[in-house]
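S.K.: sequence? don't have it. structure:
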Ligand code: SF4
């Protein structure tokens with residue numbers, strides 16, 4: 001073999017690689033590729049399915065985001081196909097997509113002979129165009145799946161996960177810390193203003209109020225007027241002594257800058273506790289992936305998936321670290337975009353709240369949510385706990401609970417509380433007046449941090465009657481055969497969608513900043529997941545299956 005090579009090399013003219021255009025040194029290399037690339041792609045390749053699927057979409061909203069479309073370049077539809085196909089193949093970087101468009105025949109097939117778009121075009125497509133209509137595009141995909149009979153349109157499994165933002169991990173702004181600094185600054189400003197009143201005779205009566213930027217600007221204006229009147233010249237640099245007025249103005253301007261900064265930071269936080277400086281839409285959250293094992297908070301988004309028949313039919317990106325308050329906005333958003341309404345809403349214990357139960361009931365939807373205390377209530381310790389209201393007998397006529405000692409825990413009053421979303425919850429307070437000398441007291445009354453001595457304490461219960469009733473109704477539903485099947489499917493389908501996105505598709509961190517761009521990227525992932533799923537179902541002859549059956553125990 002070595003000999004042959006030697007002979008071959010001797011016979012060949014030596015290449016002179018001195019030109020920028022390497023094709024001039026390609027010697028007599030003969031192209032052997034077939035001119036039609038399509039023949040090289042297998043007939044059951046998912047790229048063909050993607051092509052057909054996207055051709056069946058209208059994409060009107062996407063086209064509307066363009067002013068002019070150049071015929072010589074890749075069309076928005078082709079760019080859309082490319083980004084989806086890239087996500088199906090775990091490619092997320094715009095530079096890697098560009099590279100694939102130049103080398104991969106499947107990408108060339110999607111481009112239909114058009115030149116490969118550069119990385120800036122791909123990034124602009126996602127952040128300027130797709131981000132404007134990402135949810136409408138997902139709604140179109142869902143509608144298409146519904147027409148194909150692939151989704152049921154009856155039950156939806158909802159779950160959430162946190163995905164890290166593109167922002168740096170050490171760019172945090174804490175609302176509490178900034179509020180404290182702002183308070184301290186206000187105190188300093190009050191002292192300064194008092195001083196200025198004395199020094200320059202400025203008429204401003206400080207009555208303990210907070211000085212706003214407008215008042216400070218007025219003071220600065222007055223100081224500059226004094227400067228002009230007295231003809232004071234401001235000096236800068238070493239060896240020059242600043243006048244008292246210059247020092248006062250500089251301190252005031254420094255405070256004004258800081259006040260502006262703190263006000264802006266608090267405004268950016270909104271009702272969140274933190275945000276990142278390099279991605280103000282990201283909130284610091286505790287993540288499951290904690291490589292440093294120190295509970296470090298990272299800038300992230302809470303991604304909510306609605307899954308039906310293993311397809312992601314709806315999604316939402318929120319800035320809240322917990323799931324409870326994300327359910328109602330998710331359902332409202334879904335209803336706004338989809339042409340049908342889901343009847344059965346299946347979610348895990350993190351979504352349980354009185355407000356959520358009532359919203360679904362008013363909306364004609366049925367909740368299948370596992371109660372918060374469901375697992376705990378099945379334990380022996382809980383069942384034996386005599387202090388739990390669930391283990392006491394309720395007397396409906398007298399509206400009181402009967403305790404282990406045979407005493408009545410009677411209703412005292414109703415208390416109304418407003419939740420963070422504005423919902424008013426009514427809690428009934430029950431108290432036992434005869435706990436003195438009870439032998440079960442230490443078992444019945446909990447809370448070791450109470451300052452009142454144990455002998456003076458009385459058993460108190462706080463019960464939301466609405467929540468109690470809704471939870472009971474829900475419990476009956478989720479323990480029925482249909483409820484058990486839905487719960488089993490929730491853990492397979494909803495959590496499976498995240499497993500696919502995070503593990504199989506290898507997506508762990510967003511590449512774009514801002515909630516709109518992050519939503520667009522999440523939609524790309526969801527559509528890629530759906531096409532992959534559709535392909536797998538077709539190939540395995542499992543199309544049209546909506547629910548997994550319960551395994552019958554032997
Ligand atoms: S502490 Fe009070 S409520 Fe509890 S068992 Fe004794 S008497 Fe009943």
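M.R.: Happy to help now that I have it. Computed from a predicted structure; not experimentally measured.

S.K.: Tell me who's in contact with the residue in the stretch 1-150 of the chain that the ligand sits nearest to.
M.R.: Nearest to the ligand in the stretch 1-150 of the chain, going by C-beta to the nearest ligand atom, is residue 135, at a distance of 52.8 Å. Where you see a C-beta, it was placed from the backbone N, CA and C, and this is true even at glycine. Neighbouring residues of residue 135 by C-beta atoms under 8 Å, 6 or more residues apart in numbering: 333, 337, 519, 523.

S.K.: Pipe those into JSON lines and attach neighbour count and distance to residue 511 per row.
M.R.: Putting the contacts of residue 135 into JSON lines (neighbours: other C-beta atoms under 10 Å; distance: C-beta to C-beta, whole Å) gives the following:
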{"residue": "333", "neighbour count": "16", "distance to residue 511": "24"}
{"residue": "337", "neighbour count": "15", "distance to residue 511": "25"}
{"residue": "519", "neighbour count": "21", "distance to residue 511": "13"}
{"residue": "523", "neighbour count": "25", "distance to residue 511": "14"}
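
S.K.: In helices, which of those fall?
M.R.: Within these, residues falling in helices by DSSP state H are 333, 337, 519, 523.

S.K.: Residue 152 - how many residues pack around it?
M.R.: 18 (other C-beta atoms under 10 Å).

S.K.: Assumed it was part of a strand.
M.R.: No - using DSSP: H, G, I helix; E, B strand; the rest coil, the assignment for residue 152 is coil, not a strand.

S.K.: any idea what sits nearest it, other than its immediate chain neighbours?
M.R.: Distances taken as C-beta to C-beta, 6 or more residues apart in numbering place residue 546 nearest to residue 152, at 4.1 Å, with adjacent residues excluded.

S.K.: Specify the local secondary structure of that neighbour.
M.R.: coil.

S.K.: check contacts around the residue positioned nearest the centre of the chain.
M.R.: Centroid check for the chain by C-alpha atoms, centre = their mean gives residue 302 as the closest residue, at 2.4 Å. The neighbours of residue 302, taking C-beta under 8 Å, 6+ apart as the test, are 160-162, 285, 317-321, 323, 326.

S.K.: go with 7 Å
M.R.: By C-beta atoms under 7 Å, 6 or more residues apart in numbering, the contact list for residue 302 reads 160, 162, 318, 320-321, 326.

S.K.: what do you get for residue 57?
M.R.: By C-beta under 7 Å, 6+ apart, residue 57 lies in contact with 140, 144.

S.K.: If we ignore the residues flanking it in sequence, what's nearest residue 136?
M.R.: Per C-beta to C-beta, 6+ apart, closest to residue 136 is residue 61, 4.6 Å.

S.K.: Return the set of buried residues in the one helix or strand the one you found maps to.
M.R.: According to DSSP states H and E, residue 61 maps onto helix 60-64. Across helix 60-64, burial judged by 16 or more other C-beta atoms under 10 Å covers 61-62.

S.K.: one step back: give me the pLDDT value at the residue of the stretch 1-150 of the chain closest to the ligand.
M.R.: pLDDT, residue 135: 96.

S.K.: could you measure the closest residue to the ligand within the stretch 151-300 of the chain against residue 298, distance?
M.R.: Minimum separation of the stretch 151-300 of the chain from the ligand (C-beta to the nearest ligand atom) falls at residue 286, amounting to 37.0 Å. Distance of residue 286 to residue 298, given as C-beta to C-beta, to the nearest Å: 8 Å.
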